[in-house]
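Peer 1: Need a 3D model of the following:
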Amino acid sequence: MRAVLQRVRRGRVSVEGKSIAEIERGLVILVGIGHDDTADEAHRLAGKCATLRIFEDDAGKTNLSIQDIEGEAIVISQFTLYADTRKGRRPSFTKAALPDVAEPLVERFASHLRAQGVPTQTGVFGAHMLVEIENDGPMTILLEPFPTS
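Peer 2: Residues are numbered from 1 along each chain as shown. Below you'll find the model as predicted:
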């Protein structure tokens, strides 16, 4: 499982010209699911996203989490995070999970964020989406699997 977090001042997702998700200050999180990813990994990664201190406090230090600032999130499934570009000029996506595996895990990830008190909207799985991001900083963080403790 991979996630790209973008700290935003504003984010919006549209499908076929219709806005389906829109937030102010918070995170736009792109989530990619691999073949061997589990519900436990979705839970742990959502917890990390909810508590990661990447928002500035009054002193300008990144000491606050999305929970601390009472921010919002948009979660977007993005299988292209598993692109393999080592050979040729066309990316291979064979390491990305198939939709019947990936979709429930993305939904579980979003549910875990909500359970942690982060108001969370989602894109539409498998749809062609227009994602508007006003990246704040810019601040973009790549999260990959981490061991249990």
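Peer 1: and Leu105, that's in a strand?
Peer 2: No - when DSSP: H, G, I helix; E, B strand; the rest coil is applied, Leu105 is found to be helix, with no strand at that position.
Peer 1: Any figure for the gap between it and Arg2?
Peer 2: Using Cβ to Cβ, to the nearest Å, one gets 12 Å for the distance from Leu105 to Arg2. Yep, even glycine has a C-beta here, placed from its N, CA and C like the rest.
Peer 1: Which residue of these two possesses the greater neighbour count?
Peer 2: Looking at Leu105 and Arg2 with other Cβ atoms under 10 Å, you find the greater number of neighbours at Leu105, namely 21 against 18.
Peer 1: Need the pLDDT of that one.
Peer 2: On the pLDDT scale, Leu105 is placed at 97.
Peer 1: Next: the one 5 residues further on.
Peer 2: Per-residue confidence at Ala110 stands at 98 (pLDDT).
Peer 1: and if you look at Ser149?
Peer 2: We have a pLDDT of 53 for Ser149.
Peer 1: let's number from 376 now, not from 1
Peer 2: Got it, the first residue is 376 from now on, which makes the last one we talked about Ser524.
Peer 1: what's the helix or strand for Ala485?
Peer 2: When elements are assigned from DSSP states H and E, Ala485 belongs to helix 474-490.
Peer 1: sorry, that was for Met514
Peer 2: Assigning secondary structure by DSSP H and E places Met514 in strand 504-518.
Peer 1: joint contacts of Leu480 and Arg377?
Peer 2: Taking Cβ atoms under 8 Å, 6 or more residues apart in numbering as the contact definition, Leu480 and Arg377 share no neighbouring residue.
Peer 1: what residues does whatever helix or strand comes next after the helix holding Ala485 touch?
Peer 2: Along the chain past helix 474-490, the next helix or strand (assigned with DSSP H and E) turns out to be strand 495-497. The contact list for strand 495-497 (Cβ under 8 Å, 6+ apart) reads 388, 395-398, 447-452, 481-482, 485, 488-489.
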